[in-house]
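Asks: This is a predicted model, with the sequence first.
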Amino acid sequence: MSSNRRNFLRHLAIGSGALAVGLPSLASTPAAPSDRELRIALEKAGKGQRFNMSGYAAPKIDKVRVGFIGQGQRGPGAVQRMSYIDGVEIVAICDLLPERATKSNQLVTKTGRPAAKEYSGENGWKDMILKEKLDLVYITTPWELHTPMALFAMENGSHAASEVPIALTLEDCWKLVETSEKTKKHCMMLENCCYDFFELLTLNMARQGLLGEIVHAEGAYIHDLRDLNFSKKGYQNMWRLRENAKHNGNLYPTHGLGPIAQCMNINRGDKMDYLVSMQTNDFMMGEIAKEKAATDPFFNEFVGKPFRGNMNTTTIRTAKGKTMMVQHDVTTPRPYSRIHLVSGTKGVASKYPSPERIAFGHSWIKEEELKGLYDKYTPEIIRRIGELAKKVGGHGGMDFMMDWRLIDCLRNGLPLDQDVYDAASWSCIFPLSEKSISKRSSSVDIPDFTRGAWKTNAPVELTLKGGGTTGVIGVDAKVESKQLNVH
């Protein structure tokens, strides 16, 4: 969006009293997109691509120079995992707090690598990107920082990889798309659940036609985070609890959505068309805040906050008439689940509740038959790196498999499994679900960030054709990983 057009929209919003998303002069936090913003987003979708980043193979990088931003919950694990991948040079580590950067640097030197340069402070990440000539900027900061950091990285010559969600507003989604297309720099959202073992198995089964035509899929993020979200020692400045007090929608859609979107070839043969989102009231977080405030005045600032509802259910219809259901619940006392159900005209696969199950009729197949399907349909990436990934760890190995695949693609000049269109379309469910809820669960159109290219974009490549050459170092024995497996 040009500066003139942005100023025009800002003045128009002020004059009408509307709350425009992404205009910091009007609001301190993002809100559900206005009707006008949604219309502008849909207009953008019809303007045509600058350059198609789906299937784009960037020039090969023999030695990938990586800089990390954010060393709180997720950052140290990322540094540790990357230290086991050959062809990676850990150049720099940045965190708001200098002691965190120093602590993560010890993970680097422990593996025999030279120490990385340390950066800290409010603008340390900018200094790092400007000074270090990085090939890849790896972002594991609070949500609201993902977009500006990814944009700055691409604008200054680096590929960007960010934790989820990569954007909180439609405007930011479009900024990422347009910047990636303009700079021809990859912008990958680090959706690690796409690299879990059963998710990759079902993706391959779906691709091979074992389940028939996929007509419906379900995903979720059901994870009781009450203790962590209300812990003073958890997220920096309790930022995640604050996000739950600002927004009322599906705040964390991508873990459940990403793997099923790949199974349904979203952005690569089909696209998400529109959604409807419904949410319960909050029956828990407000009460927890009151209970804690009764003994600790610190929590008084959270008393009376309009916390998001406990369970969000968002349904999505695709352009080809298929459906998806995505849920979000981080408060009720339930076992962890991402559901991951993929249903086709010939069969169904389901991951939760465990054990994993597959059926081609009224009954789940028996364990021996399931083992046979694993033997036949386990994709090449798991056969190549799966056991080593389990040793390194990170949610059972999927985190390492994701990092290894990213580096291997960059080193061999291969397209990434997740491009900027996936990052934008999976993340935009956050603000669009808010929009639907604010309109009594009415339907909301989902912008086409590929601007029509979904009709011809090739599906995700499941073989290691042209790649698979990147080695793993120092993983002969069981690696002791102290990564906190919480997002």
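Replies: Good, I have the coordinates.

Asks: any idea which helix or strand carries the one residue sitting closest to the centre of the chain?
Replies: The chain has Val164 as the residue nearest its centroid, 3.1 Å off, counting by C-alpha atoms, centre = their mean. Val164 belongs to no helix or strand when assigned by DSSP states H and E.

Asks: Who are the contact partners of the closest residue to it other than its chain neighbours?
Replies: The shortest distance from Val164 to any non-neighbouring residue, by C-beta to C-beta, 6 or more residues apart in numbering, is to Thr254 (4.5 Å). All C-beta atoms are positioned from the backbone trio N, CA, C, and that covers glycine. Contact analysis of Thr254 by C-beta atoms under 8 Å, 6 or more residues apart in numbering lists Val164, Pro165, Met189, Glu191, Cys193, Trp426, Ser427, Ile429.

Asks: Select from the residues you listed every entry located in helices.
Replies: Trp426, Ser427, Ile429 (DSSP state H).

Asks: Grab the nearest non-local neighbour of the first one.
Replies: Right, the one you point to is Trp426. Using C-beta to C-beta, 6+ apart, the nearest residue to Trp426 is Thr254, at 4.5 Å.

Asks: can you check Ser120 too?
Replies: According to C-beta to C-beta, 6+ apart, the nearest residue to Ser120 is Pro98 (3.8 Å).

Asks: what's near enough to touch that neighbour?
Replies: Counted by C-beta under 8 Å, 6+ apart, Pro98 has contacts Glu118, Ser120, Gly121.

Asks: What are the phi and psi values at the second one?
Replies: Looking back up the chat, that one is Ser120. Main-chain torsions, Ser120, degrees, to the nearest 10: phi -160, psi 180.

Asks: how deep is it tucked in, by neighbour count?
Replies: 20 (other C-beta atoms under 10 Å).

Asks: likewise the last one?
Replies: Using other C-beta under 10 Å as the criterion, Gly121 is surrounded by 13 other residues.

Asks: so what's it closest to, chain neighbours aside?
Replies: Leu96 (6.9 Å).

Asks: ok, that neighbour - contacts?
Replies: Leu96 touches Ser120, Gly121, Glu122, Gly124, Gln236, counting by C-beta under 8 Å, 6+ apart.

Asks: can you give me the strands for the stretch 251-400 of the chain?
Replies: 272-279, 312-318, 323-329, 341-344, 348-350, 357-359 (DSSP state E, counting those that start in this stretch).

Asks: want to throw those into CSV with distance to Phe302, mean pLDDT and mean neighbour count?
Replies: Putting the strands of the stretch 251-400 of the chain into CSV (distance: least, C-beta to C-beta, whole Å; pLDDT from 0 to 100; neighbours: other C-beta atoms under 10 Å) gives the following:
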stretch, distance to Phe302, mean pLDDT, mean neighbour count
strand 272-279, 19, 98, 20
strand 312-318, 20, 98, 22
strand 323-329, 19, 99, 22
strand 341-344, 35, 98, 22
strand 348-350, 37, 98, 22
strand 357-359, 40, 98, 18
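
Asks: Identify whichever of those strands lies nearest to Pro114.
Replies: With C-beta to C-beta, the closest approach to Pro114 among the strands of the stretch 251-400 of the chain belongs to strand 323-329: 41.9 Å.

Asks: contacts for the closest one?
Replies: So strand 323-329 is contacted by 215-223, 250-253, 256-257, 260-261, 264, 272, 310-318, 339, 429 (C-beta under 8 Å, 6+ apart).

Asks: Now the buried members of those residues.
Replies: 215, 217-223, 250-253, 256-257, 260-261, 264, 272, 310-318, 339, 429 (16 or more other C-beta atoms under 10 Å).

Asks: so what's the closest residue to Gln49 other than its chain neighbours up against?
Replies: Nearest residue to Gln49, sequence neighbours excluded (C-beta to C-beta, 6+ apart): Arg451, at 4.7 Å. Contacts here follow C-beta under 8 Å, 6+ apart; on that basis Arg451 touches Lys44, Ala45, Gly46, Lys47, Gly48, Gln49.

Asks: quick one: Arg451 and Leu38, what's the gap?
Replies: Separation of Arg451 from Leu38 (C-beta to C-beta, to the nearest Å): 16 Å.

Asks: which SS state does Tyr138 fall under?
Replies: strand (DSSP: H, G, I helix; E, B strand; the rest coil).

Asks: Residue ranges in this protein under the pLDDT threshold?
Replies: 1-30, 476-487 (pLDDT under 70).

Asks: if you set the cut-off to 50 instead, what comes out?
Replies: Confidence mapping of the chain against pLDDT under 50 gives the ranges 1-28, 477-486.

Asks: picking up where we left off before, how much space between the residue nearest to Gln49 and Met154?
Replies: 19 Å.

Asks: Repeat that for Tyr195.
Replies: Distance from Tyr195 to Met154, by C-beta to C-beta: 23 Å.

Asks: Put together CSV for the contacts of Leu96, with distance to Ala160 on each row.
Replies: Formatted as CSV, the contacts of Leu96 follow (distance: C-beta to C-beta, whole Å):
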residue, distance to Ala160
Ser120, 20
Gly121, 21
Glu122, 20
Gly124, 17
Gln236, 21
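
Asks: List phi and psi for Leu130.
Replies: Per degrees, to the nearest 10, the backbone of Leu130 is at phi -70, psi -30.

Asks: Test my guess that it contacts Asn156.
Replies: Yes - the pair Leu130 and Asn156 qualifies as a contact (C-beta atoms under 8 Å) at a distance of 6.3 Å.

Asks: how close does the residue nearest to Trp426 get to Leu200?
Replies: Relative to Leu200, and taking C-beta to C-beta, Thr254 is found at 16 Å.

Asks: Gly468 too?
Replies: 15 Å.

Asks: Show me which of these two is the more surrounded one.
Replies: Leu200 (23 against 17).

Asks: does the more buried one really touch Ile382, like I thought?
Replies: Yes - in this structure Leu200 lies within contact range of Ile382 using C-beta under 8 Å: 5.9 Å.

Asks: got any residues that touch both of those two?
Replies: Counting by C-beta under 8 Å, 6+ apart, nothing touches both Leu200 and Ile382.

Asks: Burial check on Ser158, number of neighbours?
Replies: Ser158: 24 neighbours (other C-beta under 10 Å).

Asks: Likewise for Gln208?
Replies: Neighbour tally, Gln208, other C-beta under 10 Å: 12.

Asks: Quick check: the gap between the residue lying closest to it once chain neighbours are set aside and Phe198.
Replies: In space, Gln208 comes closest to Tyr377 once its chain neighbours are excluded; the distance is 6.6 Å by C-beta to C-beta, 6+ apart. Distance of Tyr377 to Phe198, given as C-beta to C-beta: 11 Å.
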